[in-house]
Structure formats: structure tokens, C-alpha cells
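Asker: make a model of this:
(one chain, ligands or ions: 1)
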Amino acid sequence: MSLKQAIPLDKIRYNEQGLVPAIAQDYLDGTVLMMAWMNRESLKKTLETEQAWYWSRSRQELWHKGATSGHFQKVKGIRYDCDSDALLVTIEQVGDIACHTGERSCFHQIEGQKSLPPADTLTEVFKVIKQRKSNPTEESYTCKLFAGGDNKILKKIGEESVEVVMACKDDDQEAIAYEAADLLYHTLVALAHHNVDLRDVYRQLDSRRK
Ligand SMILES: N=c1c2ncn([C@@H]3O[C@H](COP(=O)(O)OP(=O)(O)OP(=O)(O)O)[C@@H](O)[C@H]3O)c2ncn1[C@@H]1O[C@H](COP(=O)(O)O)[C@@H](O)[C@H]1O
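Answerer: Okay, the predicted model is just below:
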């Protein structure tokens with residue numbers, strides 16, 4: 001089904017200014033990138049071009065996101081909520097900058113909150129692993145792995161794989177989840193060590209979806 005067929009323009013409930021809030025979310029890792037407004041015309045253009053068009057309240061004009069900077073948004077899907085007065089736009093952020101201040105997301109990290117802007121847990125953990133790589137600290141286990149290079153990292157992946165296998169053999173659900181978490185973490189370290197982005201793994205998985 002095409003985007004146009006999926007969203008009946010007249011079913012959307014626009015507010016008194018003729019606007020509906022649209023939340024843009026990354027199609028691969030679920031990061032909430034930004035919130036902006038659409039009117040009927042910008043929504044129509046979004047559906048037609050499969051790129052995000054918003055309504056700029058400050059400029060009072062249609063806003064083709066990224067038209068000048070190249071950071072445009074390819075629209076992968078749009079959903080409307082149960083009372084049709086909010087849109088969730090699933091996008092591929094081309095250029096990887098959604099916020100006008102040059103950040104990936106307009107929703108900034110807040111100290112003490114684990115997951116802001118909301119993203120999946122693997123993405124959050126991978127971010128910390130990459131930070132450890134660029135800013136090593138004494139006490140970090142991840143840094144010890146990086147310092148040991150492939151020998152240490154791959155040995156751990158081998159060990160953790162065997163532990164997953166053994167836990168499955170015992171049909172021990174708690175142990176399976178525990179060991180699988182260890183395996184995923186060490187695999188993320190291997191990705192970072194070899195400069196492979198987690199999003200490339202997600203892209204592979206996404207391309208295999210049927
Ligand atoms: N998710 C993990 C994670 N999962 C497992 N581990 C560590 O992986 C090791 C698992 O190996 P084992 O079970 O064999 O335990 P071990 O006996 O300590 O193993 P050896 O290293 O001594 O051989 C343990 O030391 C765990 O603490 C992890 N260490 C870190 N993370 C993440 O990485 C982030 C950064 O961690 P630091 O680098 O330590 O700051 C953390 O915030 C977490 O999100």
C-alpha cells in the first residue's frame with residue numbers, strides 16, 4: 001500500500017490553525033528526532049514526494065525539510081493516532097542531522113535519564129561503547145577489551161557464544177537471556193573495534209524483511 005492510500009487526508013483532525021503535530025522517528029533505531037507541524041497541503045506533498053514537508057509557523061510557509069542543507073527526510077511510513085490528531089512519521093534522516101542546531105535529534109540527552117531521545121537499548125549501549133573508544137577511562141571494562149584488541153574481544157565472543165549454546169541446551173530461559181545480553185554486548189564492541197556502525201547491521205536486517 002502506498003503512503004497516499006494509507007493516510008486519508010480528510011480523516012486527519014487539524015487544529016484551529018489547520019495544523020497537526022508530526023513526530024519524526026528514525027526508521028532503523030526508533031530514535032525520536034524532532035516534532036514539527038503539518039497542514040493539509042504539507043501532508044499532501046509529503047505523501048506525494050515521500051519526503052517530509054512541514055508547515056513553518058515562524059515563516060508561515062511550507063517547509064521542505066533539508067531542501068537547502070541536504071539533510072532531508074525520506075519518508076518510510078506515516079501513522080496517525082487513534083483520534084487522528086497526531087502523526088508519527090517514520091523517516092530515514094539523510095545526512096543524519098535532524099535538528100537545526102546540527103544535532104541528530106532535537107530532543108537532547110538529560111543527565112540521569114537513561115534513554116533520551118528514545119532509541120532502542122542496543123543503540124544506547126553502542127553509543128556508550130563508541131564513547132569509551134574515543135575517550136578511554138581506567139576503570140572501563142569496554143576499554144580493557146579495546147586495549148586487548150581482536151585477541152581479547154574475539155575470545156570473549158567465542159566464550160559468550162558457547163555460554164548461549166549451553167544455556168539453550170539447558171532450556172534455562174533466564175540464563176539464555178543473560179548470556180545473549182553478554183554476547184550482544186561483546187558483538188557491539190567488535191563492531192566498534194572494526195568501525196562498523198550498528199545502523200549498518202540494522203540496514204542489513206531491514207533489507208531482508210519480507
Ligand atoms: N552491557 C555491558 C556488559 N555486558 C557484559 N559486560 C561485562 O562483560 C563481562 C562478561 O564476561 P564474563 O561473564 O566472562 O565475566 P568476567 O568473569 O568478568 O570475564 P573476564 O573479563 O574476567 O574474562 C563482565 O565483566 C561484564 O561486566 C558488560 N560491560 C559493559 N556493558 C555496557 O557497556 C557500558 C560501558 O561499560 P564500561 O566500559 O565498563 O564503563 C555499560 O554502561 C553497559 O551498558
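Asker: only C-alpha atoms for contact and neighbour calcs from this point on.
Answerer: Noted.
Asker: centroid residue for this protein?
Answerer: For the chain, Asp29 is the residue whose C-alpha lies nearest the centre (CA atoms, centre = their mean; 2.7 Å).
Asker: OK, contacts around that one?
Answerer: 119-120, 123, 199, 202 (CA atoms under 8 Å, 6 or more residues apart in numbering).
Asker: 10 Å instead, please
Answerer: 118-124, 198-199, 202-203 (CA atoms under 10 Å, 6 or more residues apart in numbering).
Asker: same check, this time on Ala119
Answerer: Residues near Ala119 by CA under 10 Å, 6+ apart: 25-26, 28-33.
Asker: now pLDDT, distance to the ligand and secondary structure too, for the residues you listed, in JSON lines please.
Answerer: Compiled in JSON lines, these are given as follows (pLDDT from 0 to 100; distance: CA to the nearest ligand atom, whole Å; DSSP: H, G, I helix; E, B strand; the rest coil):
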{"residue": "Gln25", "pLDDT": "96", "distance to the ligand": "23", "secondary structure": "strand"}
{"residue": "Asp26", "pLDDT": "94", "distance to the ligand": "21", "secondary structure": "strand"}
{"residue": "Leu28", "pLDDT": "93", "distance to the ligand": "20", "secondary structure": "coil"}
{"residue": "Asp29", "pLDDT": "92", "distance to the ligand": "17", "secondary structure": "coil"}
{"residue": "Gly30", "pLDDT": "92", "distance to the ligand": "18", "secondary structure": "coil"}
{"residue": "Thr31", "pLDDT": "91", "distance to the ligand": "17", "secondary structure": "coil"}
{"residue": "Val32", "pLDDT": "93", "distance to the ligand": "20", "secondary structure": "strand"}
{"residue": "Leu33", "pLDDT": "94", "distance to the ligand": "22", "secondary structure": "strand"}
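Asker: grab the two from those residues that are most spread out in space.
Answerer: Leu28 and Leu33 (12.0 Å; CA to CA).
Asker: between the two, what contacts are shared?
Answerer: 90-91, 119.
Asker: quick check: mean pLDDT across whatever helix or strand Lys127 lives in?
Answerer: Lys127 belongs to helix 121-134 when assigned by DSSP states H and E. Helix 121-134 shows a mean pLDDT of 95.
Asker: what packs against the next helix or strand after it?
Answerer: Toward the C-terminus, helix 121-134 is succeeded by helix 141-169 as the next helix or strand (DSSP H and E). For helix 141-169, the elements it packs on are helix 121-134, helix 173-193, judged by 3 or more CA pairs under 10 Å, 6 or more residues apart in numbering; DSSP states H and E.
Asker: extract the CA atoms of the next helix-or-strand element following the longest one and return them as CSV.
Answerer: If you walk from helix 173-193 toward the C-terminus, the next helix or strand you reach (DSSP H and E) is helix 198-208. What follows is the C-alpha trace of helix 198-208 in CSV, where atoms were taken according to Å, rounded to 0.1, in the frame of the first residue of the first chain:
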residue,chain,number,x,y,z
LEU,A,198,25.2,-0.7,14.3
ARG,A,199,22.9,1.0,11.8
ASP,A,200,24.6,-0.9,9.0
VAL,A,201,23.6,-4.1,10.8
TYR,A,202,20.1,-2.8,11.1
ARG,A,203,20.1,-1.9,7.4
GLN,A,204,21.1,-5.5,6.6
LEU,A,205,18.2,-6.8,8.7
ASP,A,206,15.8,-4.3,7.3
SER,A,207,16.7,-5.3,3.7
ARG,A,208,15.9,-8.9,4.5
